[in-house]
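*Asks:* sequence and predicted structure below; questions after.
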Amino acid sequence: MNDISRIAISTGGGDAPGLNAVIRSVTLAARNRGWHVVGIRDGFNGLMNPEEYPNGGLMDLDRQSVRGIQHTGGTILGSTNRGNPTRYPVEQPDGTYVHVDRSDELIQRFNDAGIDALITVGGDGSLTIGNHLYEAGLRVIGVPKTIDNDLDKTTATFGFDTAVDFATECIDRLFTTATSHGRVMVVEVMGRDAGWIALHTGMAGGAHCILIPEIPYQLEHLAETILQRDRTGSRFTIVVVAEGARPVGGEVSVIGQAVGQAVQLGGIGGKVAAEISALTGKETRTVVLGHLLRGGSPTALDRLLGLRFGAAAVRALDEGENGIMVGLQPPDVVYVPLSEATRQLKLVPLDGDTMRTARDLGINFGDRPPLDITSA
């Protein structure tokens with residue numbers, strides 16, 4: 001199990017600040033063990049479709065190629081959320097698409113390239129693919145990556161702190177213009193299935209209402225919160241909405257779906273703003289932060305976490321591990337079976353301390369009338 005001379009690293013799914021720190025850490029830790037390291041372009045596409053790349057689908061990684069990248073955003077390898085080898089989209093002559101399983105072909109290409117093990121960096125989708133490849137015979141170590149912080153078996157994923165930090169700065173700026181004009185500001189952030197970004201950003205930024213996927217909302221409760229604030233002299237309100245939030249008995253807001261991708265969520269901020277304006281008569285504005293949360297330089301915390309995860313993944317290989325994900329369980333980075341790490345998403349616990357704090361602060365989540373602050 002420890003007979004390793006050449007490993008590969010892939011980055012799949014949405015990009016996240018801290019990916020380049022992982023790539024640097026993996027490269028240096030492996031090179032210091034005498035291993036050769038290659039990066040796969042655009043998830044697994046570099047191996048499956050090498051003809052689409054000028055110099056082939058693999059990038060040799062050495063000390064020079066990863067120098068000075070840990071503070072940069074994105075990924076030097078590229079990424080994609082359309083290259084699932086277990087359901088690869090293939091266009092038919094009539095323009096329609098069918099999905100085929102190219103796993104066996106992909107594993108053969110790993111073997112042909114002389115790759116002894118894979119370190120795959122990604123979210124629940126990429127790690128589920130990694131687990132499938134492991135079960136099919138490939139040696140795999142997973143590294144958790146998502147700005148949504150919704151991967152189970154790790155207390156944190158890199159990219160989350162950067163996203164929250166930037167979103168909080170945006171709300172700080174919106175606060176001043178909202179107070180100046182007495183407006184309602186609706187801020188839409190990422191968060192398809194879990195409301196970690198919305199919750200942490202809203203609390204840190206001083207939002208008055210937060211809508212998250214875990215709690216179906218009723219707009220009437222938000223409207224009453226806004227009108228109550230007006231009556232007490234606070235003519236502005238900040239509302240933070242996760243893209244996966246939905247009303248009671250309703251569905252998430254979908255704007256489209258590309259071939260090989262999950263449905264694309266979006267538009268909930270504008271819908272919430274329009275309904276708030278209709279219910280309250282207040283001037284309401286919408287700001288969609290969207291992919292701004294993925295970009296930019298990672299915070300020091302995310303850089304350090306990426307470096308720790310990358311080095312731990314190489315150590316795991318050196319120790320003979322296989323089919324595991326490295327995860328943060330403070331103060332240590334631990335090994336968790338990929339099958340357990342991808343079994344379920346980590347949602348916001350509604351009875352957790354952060355939620356209890358938010359309730360104590362009087363933040364409205366759209367599931368109940370606001371607290372009576374007129375007599376407070």
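*Replies:* Good, I have the coordinates.
*Asks:* can we go C-alpha only for contacts and neighbour counts from here?
*Replies:* OK.
*Asks:* okay, now the domains of this structure?
*Replies:* Structural domains annotated on the chain: 6-158+298-341, 162-294+349-360, as defined by automatic domain parsing.
*Asks:* how about the ones you listed in TSV, adding mean pLDDT and distance to I373?
*Replies:* Converted to TSV, these look like this (pLDDT from 0 to 100; distance: least, Cα to Cα, whole Å):
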stretch	mean pLDDT	distance to I373
domain 6-158+298-341	94	33
domain 162-294+349-360	92	8
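*Asks:* for the ones you listed, give me a markdown table that also has mean neighbour count.
*Replies:* As requested, the domains of the chain are exported to a markdown table (neighbours: other Cα atoms under 10 Å):
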| stretch | mean neighbour count |
| --- | --- |
| domain 6-158+298-341 | 20 |
| domain 162-294+349-360 | 19 |
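*Asks:* could those domains be laid out in TSV, adding distance to R368?
*Replies:* Below are the domains of the chain laid out as TSV (distance: least, Cα to Cα, whole Å):
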stretch	distance to R368
domain 6-158+298-341	25
domain 162-294+349-360	6
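*Asks:* which residues does the nearest residue to P337 once chain neighbours are set aside bridge with?
*Replies:* With Cα to Cα, 6 or more residues apart in numbering as the criterion, P337 has its nearest non-adjacent residue at 4.2 Å, and that residue is I324. Residues in a beta bridge with I324, per DSSP bridges, are I141, P337.
*Asks:* all helices of the protein, in order?
*Replies:* 19-31, 45-48, 103-112, 124-135, 160-181, 196-205, 219-231, 268-280, 300-318, 338-341, 353-360 (DSSP state H).
*Asks:* surely S297 and P17 touch.
*Replies:* Yes: taking contacts as Cα atoms under 8 Å, S297 lies within contact range of P17: 6.3 Å.
*Asks:* quickly list what's touching both of these two.
*Replies:* Common contact partners of S297 and P17 (Cα atoms under 8 Å, 6 or more residues apart in numbering): T72, G73, T162.
*Asks:* pick the one among the residues you listed closest to E52.
*Replies:* G73 (24.4 Å; Cα to Cα).
*Asks:* can you tell me which residues contact that closest one?
*Replies:* A16, P17, G18, L19, N20, G295, G296, S297, P298.
*Asks:* how close does it sit to D15?
*Replies:* 8 Å (Cα to Cα, to the nearest Å).
*Asks:* ok, E105 next?
*Replies:* E105 is 26 Å from D15, by Cα to Cα.
*Asks:* ditto for G202
*Replies:* For G202, the distance to D15 (Cα to Cα) stands at 23 Å.
*Asks:* same question for G57.
*Replies:* G57 sits at a distance of 19 Å from D15 (criterion: Cα to Cα).
*Asks:* just the pLDDT for the closest residue to T128 other than its chain neighbours.
*Replies:* Excluding its sequence neighbours, the residue lying closest to T128 (Cα to Cα, 6+ apart) is T342, at 6.0 Å. T342 carries a pLDDT value of 92.
*Asks:* pretty sure T342 contacts I129?
*Replies:* No: T342 is beyond contact range of I129, at 9.7 Å (criterion: Cα under 8 Å).
*Asks:* tell me the contacts of Y217?
*Replies:* For Y217, the contacting residues are L211, A245, R246, P247, V248, F365, G366, D367, by Cα under 8 Å, 6+ apart.
*Asks:* reformat the residues you listed as JSON lines; add distance to A30.
*Replies:* Converted to JSON lines, the contacts of Y217 look like this (distance: Cα to Cα, whole Å):
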{"residue": "L211", "distance to A30": "43"}
{"residue": "A245", "distance to A30": "42"}
{"residue": "R246", "distance to A30": "45"}
{"residue": "P247", "distance to A30": "49"}
{"residue": "V248", "distance to A30": "50"}
{"residue": "F365", "distance to A30": "47"}
{"residue": "G366", "distance to A30": "49"}
{"residue": "D367", "distance to A30": "50"}
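*Asks:* tell me which of these fall in strands.
*Replies:* Using DSSP state E, the subset of the contacts of Y217 located in strands is L211.
*Asks:* what's the closest of the contacts of Y217 to R356?
*Replies:* Looking across the contacts of Y217 and measuring by Cα to Cα, the closest to R356 is F365, at 11.8 Å.
*Asks:* and the closest one, what's its pLDDT?
*Replies:* Per-residue pLDDT puts F365 at 97.
*Asks:* kindly report the same for N2.
*Replies:* The score at N2 is 67. That number is its pLDDT.
*Asks:* mind checking which of the domains of the chain is nearest L371?
*Replies:* domain 162-294+349-360 (8.3 Å).
*Asks:* how long is that closest one end to end?
*Replies:* Counting by Cα to Cα, you get 26 Å between the two ends of domain 162-294+349-360.
*Asks:* name the nearest residue to A178, sequence neighbours excluded.
*Replies:* F236 is the one closest to A178 (Cα to Cα, 6+ apart), at 5.8 Å.
*Asks:* who are the contact partners of that neighbour?
*Replies:* So F236 contacts A178, T179, H181, G182, R183, V184, M185, I226, R229, D230 (Cα under 8 Å, 6+ apart).
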